[in-house]
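**Student:** Need a 3D model of the sequence below.
(2 chains)
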Amino acid sequence: MTRSARKVPYYYFIPAVGILLFLSYFPMPYALYLSMTQKRPGAGTIEFIGLDRFYQLFRDRDFTESLLNTVKYAFGETFLLMIAGLVLALMFDRSLKLKGLYMTIVFIPWVVSEVVAGWTWRWMFNPDFGLLNYMFGFTGWKVSDLLQSPNGAMLVAILVAVWRNAAFSMVIILASLQSISREMIEAAKIDGCTYLRTLTSIVLPLIRPTLAVLTLLLLINAVNQTGTLLVLTNGGPVRATETLSLFMYREAFFNYRLNNAASLVVVLGLINVLIAVVYFRFIKLKGDSME
Amino acid sequence: MKRIGIVVIASMMAMFALAACQSGTGGTSGAGGTGKTSGVTIKMIGGFDRYNKEDPFAVMMDEMLTEFENETGIKVEVENTPWEQLESKVVLTNEAGNPPDIAWISSQKLASLINADALLPLDDYVSETYTEEDLNDFASHEKAATTSALDGKKYLFLASIHTRYLWYNKDLVQTPPTNWEELIEIGKQLTDPAKNQYGFGFWGNKHYGSVEIMYAPMIWSAGGRITDDNGRAVWDSPEAAEAVQFISDLVNVHKIAPESVLTQEITEIDKIFLAGNIAMILEGAYRKAAFWDLSDLGKAGKLGIAPMPGKDGPAPMFINGWSLGIPKKAKHPDAAWKFIEFFNRTENQIKHALVKGGAPTRKSAWEDERFQGEYWDMTFEVLEKYSRPMDPIVYYQEGLDALNLAGLEYMLDPGSKDLKQLLEESARNFNTKYYPE
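**Tutor:** Below is the predicted model:
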């Protein structure tokens, strides 16, 4: 094939790739531009203010509270999802009666939309008419109080996210478990290893790369989570569950401060990049140490 | 790897430069328009489907728009947008350079929209169109709600003036309360949590609207203010604390309001009221269609309205309204103004008010015989005697949000927080952030 003939396929997919790259990557520099400029109301002129907005942002109590909420929410959700996914995957890695039915039940929350999930749980927690108070009424515990207290609301938000995403976590880990050679497990049994010893000394080390990737994906997803939180708590009570993404949403669509919202977009983007950088450094270090 | 990184960074810088060049000045293009009106099609955004025959408001607007089109030759395309998204759509489309020509806007969002440089001042149009006599026919409430405290310019025209009332179920409440003490007493008689019955409901969740409808009137009736004349927060006064404490006590001490008022949307509380489980509710004139005209209680004549009880008598109620404005980069502002002028005619004001529930902005319209009856008698009484605009506040939503959050933080767990401290901290943070010295 001639050199020019080898280039022909590129000419066909460059337009599509170009559009995709533009749509994917143009918003970020535009957000950076908005975050570094200020429009004068009335005059309509735009002035460049550099990093001023970021300095103000880091001194803004609303921002620091949102950042802290994001850390709590992201790490809480990720940790619990890893546990839930692992437990479910270990359960489904065995032969079970009615396995198909149980899997369907686990998958249903995952296919429900974020908004529907949020609204359903919000109504279940209604203090006057919610199902949960009715179910647990005999214990004397008013379950709906959880959603009305700052710490309780964060816990509920995390648990709803875990309920919704456990299937995803399970599927990834299960696929990894099923790639482990059965002979190794059998050999460990023959050697007298308990289930727990087999799990900690053989299974977990073998699926560690999968767990690392899953952690990265879950963390990034949790940091950017908006839909369910918006509907379930709207960042409340007070601002106890207002993460950076909800703060950004509020600045853009309620306070109409697009430049401020853009600066939050940039910060969120940097956080995502930081998570990825830390992850890749970790993988590289692990790779180097294994060599 | 380094080479790839350099290419990525260079591409981002190129795109950054491209974006900066594109949005150079922010411009005032479109502010003048072409001057041409006849034969033009203008785009309006509002929370209604013009061709929906089951919505009384949509039917009224369709008739009005058809009449306008026939008279002026200007066509109007209405884009149905949820009410709560209208202002953000104006800001975003204006920023993108492709806004509608005319938009329905909640008047209390005026300051935020001016800050976002999203609206065209209407003073030139006003001076060319209206005489002094015309302008005097507009109620003072209209000007107060639509003129910027920042630059004194007029940016909107109110479609109608909305106040708030104590709506009550006549089957349960024979004589509505006139002060805080009576509200608590009557509320207690009507409350039975075991039967899910409550005496009173209000907008109390995490939304600035709860300040407009509940906190502000209570604070005003106790002698306090939300902000001073410069827009700085003064809601840390003893009077404001007394009012917020009263609101909290309705839920936590006297228990005449369900706890869900602190967490649920006001529309959910409305439904509970219309179902007969709440005897009295604080809501606005904009609920006339849903409550008075269309609900079972309303159709059966079992609804009454009264001034909201304040500390020692009727409380001053916040007034606002849906209004018409022209986005700054509208392509046909002159044609859009033609519609505003048409809408402001007395007869059209009357038609709109009869359906929407607020008072017409033209005082001459108030004398019309169609504004007779219990609802309108109370509306005009509340408007004339007990209404006032919000205290001046440039950072409207931010300020009201801050007060709302401080109040809510206390109300959700009153035993563990000091209300005075919360209000002081909230006011101090707001003033430090928006009015640094």
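**Student:** What residues does the residue in the stretch 301-437 of chain B that chain A sits nearest to make contact with?
**Tutor:** For the stretch 301-437 of chain B, the residue closest to chain A is residue B:409, as judged by Cβ to the nearest Cβ, at 4.4 Å. Using the backbone N, CA and C atoms, a C-beta is placed for each residue, glycine as well. Counting by Cβ atoms under 8 Å, 6 or more residues apart in numbering or on different chains, residue B:409 makes contact with A:237-238, B:417, B:422.
**Student:** Can you name the residues of the stretch 151-291 of chain A that neighbour chain B?
**Tutor:** Proximity of the stretch 151-291 of chain A to chain B is confined to A:234-239, A:252-258 under the rule Cβ under 8 Å from any Cβ of the partner chain.
**Student:** Next, format the residues you listed as TSV and append neighbour count, secondary structure and pLDDT.
**Tutor:** As requested, these are exported to TSV (neighbours: other Cβ atoms under 10 Å in any protein chain shown; DSSP: H, G, I helix; E, B strand; the rest coil; pLDDT from 0 to 100):
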residue	neighbour count	secondary structure	pLDDT
A:234	21	coil	88
A:235	24	coil	90
A:236	24	coil	81
A:237	24	coil	82
A:238	23	coil	81
A:239	24	coil	87
A:252	20	helix	88
A:253	17	helix	87
A:254	18	coil	83
A:255	22	coil	83
A:256	25	coil	84
A:257	20	coil	86
A:258	21	helix	88
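**Student:** Just flag the most distant two among these.
**Tutor:** A:237 and A:258 (27.4 Å; Cβ to Cβ).
**Student:** Going by residue numbers, what spans are strands in the stretch 201-350 of chain B?
**Tutor:** In the stretch 201-350 of chain B, the strands defined using DSSP state E, counting those that start in this stretch lie at B:278-284, B:303-306, B:317-318, B:322-325.
**Student:** ok, residue A:13 to chain B distance?
**Tutor:** For residue A:13, the distance to chain B equals 18 Å [Cβ to the nearest Cβ, to the nearest Å].
**Student:** Count the residues that sit near that residue.
**Tutor:** Residue A:13 has 10 neighbouring residues, counting by other Cβ atoms under 10 Å in any protein chain shown.
**Student:** Remind me which helix or strand it belongs to.
**Tutor:** helix A:3-25 (DSSP states H and E).
**Student:** Does anything pack onto that helix? Which helices or strands?
**Tutor:** Helices and strands touching helix A:3-25, by 3 or more Cβ pairs under 8 Å, 6 or more residues apart in numbering or on different chains; DSSP states H and E, are helix B:2-22.
**Student:** any low-confidence regions in the chain?
**Tutor:** Chain wasn't specified; assuming chain A. A:1, A:41-44, A:284-291 (pLDDT under 70).
**Student:** oops, I was thinking of chain B
**Tutor:** The low-confidence ranges in chain B, as defined by pLDDT under 70, are B:1-36, B:149, B:437.
**Student:** Just the closest of the contacts of residue B:409 to residue A:112, please.
**Tutor:** residue A:237 (24.5 Å).
**Student:** thought the closest one was touching residue B:408?
**Tutor:** Yes. Shown here, residue A:237 and residue B:408 form a contact pair, counting by Cβ atoms under 8 Å, at 6.3 Å.
**Student:** between these two, what contacts are shared?
**Tutor:** Shared contacts of residue A:237 and residue B:408, counting by Cβ under 8 Å, 6+ apart, come down to B:206, B:262.
**Student:** Wait, residue B:399 touches residue B:234, no?
**Tutor:** No. Under the criterion of Cβ under 8 Å, residue B:399 is not in contact with residue B:234, lying 10.7 Å apart.
**Student:** Now the common contact residues for those two.
**Tutor:** Joint contacts of residue B:399 and residue B:234 (Cβ under 8 Å, 6+ apart) are B:226-227.
**Student:** Between these two, which has more neighbouring residues?
**Tutor:** residue B:399 (27 against 19).
**Student:** residue ranges of the helices in the stretch 151-300 of chain B, please?
**Tutor:** Per DSSP state H, counting those that start in this stretch, the stretch 151-300 of chain B carries helices over the ranges B:180-189, B:209-210, B:216-221, B:238-252, B:266-274, B:296-299.
**Student:** And the ones you listed: which comes nearest residue A:35?
**Tutor:** Between the helices of the stretch 151-300 of chain B, helix B:209-210 lies closest to residue A:35; by Cβ to Cβ that is 29.4 Å.
**Student:** can you list the residues that contact that closest one?
**Tutor:** B:202-204, B:266, B:404.
**Student:** Check stretch B:288-295 too.
**Tutor:** The contact list for stretch B:288-295 (Cβ under 8 Å, 6+ apart) reads B:56-57, B:167, B:270, B:274, B:283, B:297-299, B:303, B:355-358, B:375.
**Student:** measure the residue nearest to residue B:88 when sequence neighbours are not counted to residue B:275 for me?
**Tutor:** Once flanking residues are discounted, residue B:88 sits nearest to residue A:253: 4.4 Å by Cβ to Cβ, 6 or more residues apart in numbering or on different chains. Taking Cβ to Cβ, to the nearest Å as the measure, residue A:253 falls 31 Å from residue B:275.
**Student:** Also residue B:301?
**Tutor:** 18 Å.
**Student:** Same check on residue A:283?
**Tutor:** Distance from residue A:283 to residue B:275, by Cβ to Cβ: 58 Å.
**Student:** Neighbour-wise, give me the winner out of the contacts of stretch B:288-295.
**Tutor:** Among those, residue B:167 has the most neighbours (other Cβ under 10 Å), with 28 neighbours.
**Student:** dump the residue contacts of that one.
**Tutor:** B:273, B:280-283, B:287, B:291, B:303-305.
**Student:** Name whatever forms a beta bridge with it.
**Tutor:** For residue B:167, the beta-bridge partners are residue B:281, residue B:305 (DSSP bridges).
**Student:** element containing residue B:43, please.
**Tutor:** Short version: residue B:43 belongs to strand B:41-46, going by DSSP H and E.
**Student:** in that strand, what's buried?
**Tutor:** B:42-46 (16 or more other Cβ atoms under 10 Å in any protein chain shown).
**Student:** got the angle between whichever strand or helix holds residue B:78 and strand B:41-46?
**Tutor:** Assigned by DSSP H and E, residue B:78 belongs to strand B:75-80. Put simply, strand B:75-80 runs at 30 degrees to strand B:41-46, going by axes from the mean of the first three to the mean of the last three Cα atoms, to 10 degrees.
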